[in-house]
Structures are given as structure tokens and as C-alpha cells.
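Participant: what follows is a protein structure lacking sequence information:
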């Protein structure tokens, strides 16, 4: 069944060229089988494997962006430069390093994370704590909890919504001050069953833009 939800639109877009670092807000995004182009194509590693802000929260104080040639930058430095490595080591330990990875395995769940403004309003905190790729505006309250199994049609692009995302300690870190508040994750557990935003995949690729109309198709 198709429901033309009047008023739904793309309210925000983000890309995270370096996994687990702060990302960059976009006006438009090219979506392919592995989500937003150039998303999470560099990772922080340690001897134990991929190293993230779940334990090394100061990584969220570093910003991953892309230069005009699609080279990932860390605070403006090429990701494979000595300057970028020094910043990462300061945030994640002297035994940390950076590696490129363009495989599907670089994603924790699925390539896209979709948030809704209704749920963000109920959450009552900065949307950046949820680290979405796409924010859908015009959503009524916690209606996203009924969306798993549905599709988002944005122009020619089709996004499949799989499941609600279980949240982790990264939500407890203020994206500006890096102050941590463990109560936030407990609050997500109490009020939202530990889950906010939706794991998603791209069924039909293309380009989407902030302001684009969105149609929710329930099956």
C-alpha cells in the first residue's frame, strides 16, 4: 500500500568520510548501493581492530570532511598525513592508526541511518548525537517506530527501511563540548526501548537534496 504522506521532506543530510569522527552536513548527496558516496571510507584502527568513539569519545571532537577531489580530511589535513595521524593518536591513543576501507564491511549495520524530526523532538537533544545520514522532516511524533519494512521514495531514489537502530554510548557525548552524560543513554532505554532512527539501504540509487519531497510507501 502506498501512502502519499503530504509534508514529508528531506530536512538534513550528513556524510562521515572518516568513521566515528564528526561528519559534514550536505546540501545534496549521491546515494548508491553503499549509501552516501564516500561515507566512512577511512577508519581508525588499533591492535584490537576498528577503534570507535564508543570508547574513545574524543574522536568526536575531530571533523571528517572531503576535499574537492574526494580525499578525506581530518580537521583540514589529508587523512594519510602526519598531521591527521597525530590528531587521531591524541584522541584515541598512541597505538592508533588510520586505514582506508571501501568495502561493505565498514558499516556497523546497514549503509544508511535515517532519523525523523518527530523522534528527534521527542528525544529532545541535538540530532548530531544520533549521527544520521538523512533526516526526514514533517514526521508526526514517534511515527518512525511504524516504518520498518516501508520504503522512502525521494524522486527516483528508493530507500528501504529495515529496523530501528539500537543506540550506543556515542549518544552520551555532547557534539560541541565533548562532555559526557550517561543519563542520556539510560533515557533512550527508558523512553524509546533503546532504539532511535532507522537502519536503511538503497534500493534504487540517485541524488537527493535537502528540501526534496518524500513519499512513505508502506508494504
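Facilitator: Cool, the structure landed. Please read all numbers here as calculations on a predicted model, not as lab measurements. Numbering: from 1, shown residues only.
Participant: where in this structure is pLDDT low?
Facilitator: For the chain, the stretches flagged by pLDDT under 70 are 1-6.
Participant: again, only this time at 90
Facilitator: Across the chain, the ranges flagged by pLDDT under 90 are 1-6, 219.
Participant: tell me where it has helices.
Facilitator: With DSSP state H as the criterion, the chain has helices at 82-92, 117-123, 183-192.
Participant: make a markdown table from those and add distance to residue 150 and mean neighbour count to it.
Facilitator: C-betas here are computed from N, CA, C, even on glycine. Below are these laid out as a markdown table (distance: least, Cβ to Cβ, whole Å; neighbours: other Cβ atoms under 10 Å):
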| stretch | distance to residue 150 | mean neighbour count |
| --- | --- | --- |
| helix 82-92 | 37 | 17 |
| helix 117-123 | 15 | 19 |
| helix 183-192 | 19 | 15 |
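Participant: now render the ones you listed as a markdown table, adding distance to residue 142.
Facilitator: Below are these laid out as a markdown table (distance: least, Cβ to Cβ, whole Å):
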| stretch | distance to residue 142 |
| --- | --- |
| helix 82-92 | 34 |
| helix 117-123 | 6 |
| helix 183-192 | 8 |
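Participant: for those, which one sits closest to residue 11?
Facilitator: With Cβ to Cβ as the criterion, residue 11 lies closest to helix 117-123 of these, at 5.7 Å.
Participant: centre of the chain to the closest one, how far?
Facilitator: Distance, stretch centre to chain centre, for helix 117-123: 16 Å (Cα atoms, centre = their mean, to the nearest Å).
Participant: can you check stretch 113-130 too?
Facilitator: Distance, centroid of stretch 113-130 to centroid of chain: 11 Å (Cα atoms, centre = their mean).
Participant: and the contacts of it?
Facilitator: Stretch 113-130 has contacts (Cβ atoms under 8 Å, 6 or more residues apart in numbering) with 11-12, 22, 131-144, 147, 152, 159, 161, 165, 167, 170-175, 184, 188, 191-192, 196-200.
Participant: give me the number of residues near residue 195?
Facilitator: 17 (other Cβ atoms under 10 Å).
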